[in-house]
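> quick one: sequence plus predicted model below, questions after.
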Amino acid sequence: MIRLTTAQALVRYLGVQSSERDRQQQPLFGGVFGIFGHGNVAGIGQALDQARGPLEYYQCRNEQAMVHTAAAFAKMSNRVRALVCTTSIGPGATNMVTGAAGATINRLPVLLLPGDVFANRVPAPVLQQLESAQTQDVSVNDCFRPVSRYFDRIYRAEQLLTALPEAMRVLTSPAETGAVTLALPQDTQTEAFDFPESFFEPRVWAIPRQRGDATAIARAVEMIRGARSPLIIAGGGVLYSEASAALQQFAEAAGIAIAETQAGKSAVAWDHPLALGGIGVTGTLAANRIARQADVVIAIGTRLADFTTMSNSLFAGNAKFIAINVCEMDAFKREAIPVIADARVAIEEIGAALAGWGTPGDYRDTVTGLAREWHAEVDRLYGLRGAAPFAQAEIIGAVNAAAGPRDVVVCAAGSLPGDLHKLWRAREPNTYHLEYGYSCMGYEIAGGLGVKMADPSREVFVMVGDGSYLMMAQEIVTSIQERRKLIIVLVDSSGYASIGGLSRSIGSGGFGTGFDYKVPVDLAANAESLGALVYRADDRGDLDEALGAARAAERTVVIYARVDAAKGVPGCESWWDVPVAEVSTQPAVQAARAQWEEGRRRRGR
């Protein structure tokens, strides 16, 4: 037996956990991010200070941001590694709730350790305690329950003996992973218990490659054999499963086109003959036209959310679905044949059973013709040459040209994700990193830091709009402190460009979406004050020169460029269900309502 405080035991346990997939073993946790306050400094803080062991401590500037960093780290690690985040009680804890929601929605493992109020209740109510007239068994940390895959509150030290293995099980489960929250009352963190030494022996958590049911696979093969215009939708599960090579081999053998979700983009190289690029609301013309005529859709590792399906209006009513997914809930969507399995394993098994079968020649001609037309359109947009304010497509093209095959582009919310999904030319897997399950403004710079921590050998290009930058720019300081260089491309449209466009489309004329500064505001100077090297791009020559200098720099760089929100990339025969006011005195809203009703009629429900 060994006598340790709850916090000391927790830190020691986390430090000896490993994960393994395909006989490749790695430490499960890459370190601990934390901001200390009275709710965790004497417990978790003391334990980390005393241990100074395998769990390296990282200091950040914002609690929400550190969860975004942890989620990006996990995503870039294909969900076989994770980071830990610890905070004090009160606002430190609740600041993490948004990050937890993003991680859980995107199914990315993060371990959250918020401080909590006293378990013994003697000094209650304490600073930052939420009181309830109906119960004493509630705190602000209960906000984590709906956004966590696993939640527990540790009232007694010995509860770690059962809580920690459960937390590890969820973190390493391909189907159930997401935010795991262990709320830690501040007195409990410091209380000691005699733990068995065996509890701290190193443990390896095997991440399985689940095989699909043979009957379901046989039904899927039969359905594909009867298809004349099939389509593969590659989601994030393809990348997490490291199934890109298997997917390409399968598609080539059968002659089936591939479209990608935001999470799945970079599953295949942009110039592959069967690659159609992004699909759905932010998709390419090539992918959306093939999707409309598809008779069989093979959805691999995707939730089939509204941006992918155009709010369930993209596919013909007679289209049949096969869904390959580790998550049972997703595999049963759209009345699909559910293949509940690891993406790579299922692709290989279905491909073997389909040996010798292929799509008709006219289908392949249509696919290659549409892809060729789309590549020409991207060439045209990338070929724009202007001065500030730039067309956003020109900036994307310049960044794409400056990025190497293994470099990563990171983005999240606003107008950039839609243009990137259409235009970015990814050459290798895991080089396109978009947080679009939660579309969380402020994710970009913190997420870029997580990507860089997961793989320091790659250059990381963070593309962020001014609206998102103003929400969460402070992790520039963290990137400099931790010597994790980022190349941040800050595009300034003087407002919320994406929602401004949406506002105009529903007849509201961009109300409340533009920035009308009463005094001069200099975002480039702000970034410089945070320690970044800053370049201002006023024309294409400046932009290209700045990108070249950024690659050579040794610390975080910010390239500032103004963009014209009116010079956007148009939608590709897309529709998104955003209800418009049913009655209004504004003619523009009335017209938008008529258009929305027409879109709903086309969908059929």
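Done, it's in. Since the model is a prediction, treat every value here as computed from it, not as a measurement. Residues are numbered from 1 along each chain as shown.

> report pLDDT for residue 605.
pLDDT for residue 605: 68.

> scratch that, residue 403
So residue 403 comes in at 98 (pLDDT).

> swap in residue 539?
95.

> kindly report the same for residue 277.
97.

> what's the answer for residue 475, then?
We have a pLDDT of 98 for residue 475.

> what segments of the stretch 1-150 of the chain are helices?
Secondary structure of the stretch 1-150 of the chain (DSSP state H, counting those that start in this stretch): helices located at 6-14, 46-51, 63-76, 91-94, 97-105.

> ah, wrong one, I meant the stretch 401-550 of the chain
According to DSSP H, counting those that start in this stretch, the stretch 401-550 of the chain carries its helices in the segments 416-423, 443-454, 466-471, 475-481, 497-505, 523-529, 540-552.

> nearest to residue 406, of the helices of the stretch 1-150 of the chain?
Between residue 406 and these, the tightest spacing by CB to CB is seen for helix 63-76, at 12.0 Å. Yep, even glycine has a C-beta here, placed from its N, CA and C like the rest.

> ok now the closest one, how far from the chain's centre?
Here helix 63-76 is found 9 Å from its chain centre; the criterion is CA atoms, centre = their mean, to the nearest Å.

> what comes up buried for stretch 540-549?
540, 542, 543, 546, 547 (16 or more other CB atoms under 10 Å).

> got it, and stretch 82-97?
Those would be 82-90, 92-97, for stretch 82-97 by 16+ other CB under 10 Å.

> pull the most distant pair out of the residues you listed.
The widest separation within the buried residues of stretch 82-97 (CB to CB) is 24.7 Å, between 82 and 90.

> of all the buried residues of stretch 82-97, which comes closest to residue 140?
residue 94 (5.3 Å).

> so which bits of the longest helix anywhere in the chain are buried?
Determined from DSSP state H, the single longest helix within the chain is helix 361-382. For helix 361-382, a neighbour-count test (16+ other CB under 10 Å) marks 363, 364, 366, 367, 370, 371, 374, 375, 377, 378, 381, 382 as buried.

> so what's the residue positioned nearest the centre of the chain up against?
Centrality entry for the chain: nearest residue to the mean C-alpha point is residue 435, 3.0 Å, by CA atoms, centre = their mean. Listed by CB atoms under 8 Å, 6 or more residues apart in numbering, the contact set of residue 435 reads 68, 71, 72, 102, 106, 411, 412, 413, 443, 447.

> contacts only, for the second one.
Meaning residue 71. 99, 102, 103, 106, 108, 110, 435, 447, 450.

> just the closest of those residues to residue 223, please.
Using CB to CB, the contacts of residue 71 come closest to residue 223 at residue 106, 29.3 Å.

> so what's the closest one closest to, chain neighbours aside?
Spatially, and ignoring its direct neighbours in sequence, residue 106 is nearest to residue 437 (4.1 Å; CB to CB, 6 or more residues apart in numbering).

> and that neighbour, what pLDDT?
So residue 437 comes in at 95 (pLDDT).

> any idea how far it lies from residue 156?
For residue 437, the distance to residue 156 (CB to CB, to the nearest Å) stands at 36 Å.
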